[in-house]
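Enquirer: Need the 3D shape of this:
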Amino acid sequence: MSIAAPIPEPPGGSFPDSFWRSLVHLNHFRLFLAAALGVTGLLSGQPFTRLDHPVLFTLTCAGYFLSALLFRRPAVRRSEPFDRQVVRQVIADIACLGVLMYLSGGNASGMGLLLIVTVAAVGMLPDTRVVLFWTAMASIAVLGEQLLQLIGFQSGMGGFVRAGLLSLGFFGVALLSHALAKGALAAGDLAREKSLQAESMARINERVIQELPYAVMAVNGKGEVLQYNAHAERVLGTHFFARCDLGHCAPVLAELWDTWRRRGELPRHPFRAGPDGRRLRARFIELEPTREEGAVVVLEDMTELESQAQKMKLASLGMLTANLAHEIRNPLSAISHATGLLKEDAREGMAPRLTRIIEDNVRRLNGLVEDVLSLNRRDRLEREMVALEDFLPLFVQQFVQRESVSPGVIQILLAREARVCMDPGHLEQILWNLMRNAWRYCTRRPGSIRVRVTRDEVAR
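Expert: Coordinates of the predicted model:
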């Protein structure tokens, strides 16, 4: 979505579009007024109280029309500050209308009343002192023209009363227009602030929706998707666009939406969606009781939830197994101790053999218990780079001595500079279990057990 470049605003503050439109309409009125006065002065013999210089009157109207043409382009394009354009047009109005008023017989011709439109335009400026200044300039122009009429013995003292009343009217119109303009500016500023707050809240809502762990969509009453997060697109296996209809983007979800709109509840689902056939469960959170304004749709990935539940179940099972291993360890210690006492008393017959069998099985069970307990200590493993050239020969030597393995049964085929990144104790335990199983089931001939290590990329 393209965004238009902001319109440059004057240093004194920003002006709403209605002010700019009023300025353009005022200039259109100026064009019409200059043309009408010029045509009237040419075609009519004596349109006003007195018209002693018709040529000069017509030339002044032509200059007035030309200035209005020059003012039109900056006002339409808004290429210059608003207050500068208003002041420029006010100066042209006061000068031209003042001259036309003098040439047409003074204030008695009614030409001075046209300045009311000008002072109303001055009221749109934000600075009260500027408004009063240019209103005073218009009043001085009317009073000055009346003074010239008095000096030329073309009007009496009564003209000053009319000029004074007209000047008071100028100030009244200017102040009223200024009060209305200040209210419009305040309302515009408030609307602009609310708009910025709304945009900020929209960005926050969008960010929050994107960061939610669930797939979330906002749907209006027509079933059109207004907002969504990337997780919703991923689990549904679709691509949303502006005002996307649920029937087009997610047909199965659209059926659930229609059911929820009619009944206010959902049937037991879940449904499958996406390229990998994920099992999803939908929840609709209404925005109002009648469900006419739409809802927030939350999609829960049942596949992921079941996977998390399975992980929790395995974690619980691991804890249970560790507790059982601890409980088994205690009777094994008692059996081992009792076997040692029995062995001291057994000197001949079957007793020594039986005690040896008991000791071997106790040792085996204890090894199994140690393996189970070690699985529960994975969070305390410390990985490091282990050089297998040094580690494997030392391990094989210890294994041969402890298990009474014949020389030559175990062969090591080791690549040069072979290393592995893992916990040394864990690695020793894994190798011990593998070697013990190999020794138990091999032929026990030379070379029966081979440990081969090939060099590949080292995981870091």
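Enquirer: can you list the domains in this protein?
Expert: 17-190, 211-306, 315-380, 384-453 (automatic domain parsing).
Enquirer: Endpoint to endpoint, the longest one covers what distance?
Expert: In this case it means domain 17-190. 15 Å (CA to CA, to the nearest Å).
Enquirer: my read is residue 281 is in a strand, agree?
Expert: Yes: assessed by DSSP: H, G, I helix; E, B strand; the rest coil, residue 281 belongs to a strand.
Enquirer: after the helix or strand of the chain with the lowest mean pLDDT, next one along is what?
Expert: Within the chain, confidence by mean pLDDT, DSSP states H and E is lowest for helix 351-375 among all helices and strands, at a mean of 69. Following helix 351-375 in sequence order, the next helix or strand is strand 384-387 (DSSP states H and E).
Enquirer: My guess is residue 24 contacts residue 75. True?
Expert: Yes: using CB atoms under 8 Å, residue 24 is in contact with residue 75, at 5.0 Å. Bear in mind the C-beta positions are built from the backbone N, C-alpha and C, glycine included.
Enquirer: the more surrounded of those two?
Expert: Higher neighbour count among residue 24 and residue 75: residue 75, with 22 against 14, using other CB atoms under 10 Å.
Enquirer: pLDDT at the more buried one, what is it?
Expert: The model reports residue 75 with a pLDDT of 80.
Enquirer: From what I see, it and residue 22 are in contact.
Expert: No: in this structure residue 75 lies outside contact range of residue 22 using CB under 8 Å: 9.9 Å.
Enquirer: With respect to burial, which of the domains of the chain scores highest?
Expert: Of all the domains of the chain, domain 17-190 has the most neighbours on average by mean count of other CB atoms under 10 Å, namely a mean of 17.
Enquirer: what's the model's confidence in the longest helix that the chain contains, averaged?
Expert: Taking DSSP state H as the criterion, the chain has its longest helix at helix 158-211. The average pLDDT within helix 158-211 is 84.
Enquirer: please renumber so the chain begins at 48
Expert: From this message on, residue numbering opens at 48, which makes the last subject helix 205-258.
Enquirer: What is it packed up against?
Expert: helix 64-90, helix 162-169, helix 175-198, strand 271-275 (3 or more CB pairs under 8 Å, 6 or more residues apart in numbering; DSSP states H and E).
Enquirer: what's next to the last one, contact-wise?
Expert: What it means is strand 271-275. 252-253, 256, 263-267, 287, 290-293, 296, 341 (CB atoms under 8 Å, 6 or more residues apart in numbering).
Enquirer: Check the third one too.
Expert: Judged by CB under 8 Å, 6+ apart, the contacts made with helix 175-198 from elsewhere in the structure are 130, 134, 137, 141, 144-145, 148-149, 153-154, 159, 162, 165-166, 169-170, 172, 202-204, 206-207, 209-211, 213-214, 217-218, 221-222, 225.
Enquirer: so where's the stretch 248-397 of the chain uncertain?
Expert: For the stretch 248-397 of the chain, the stretches with pLDDT under 70 are 313-316, 321-324, 350-353, 373, 376, 388-397.
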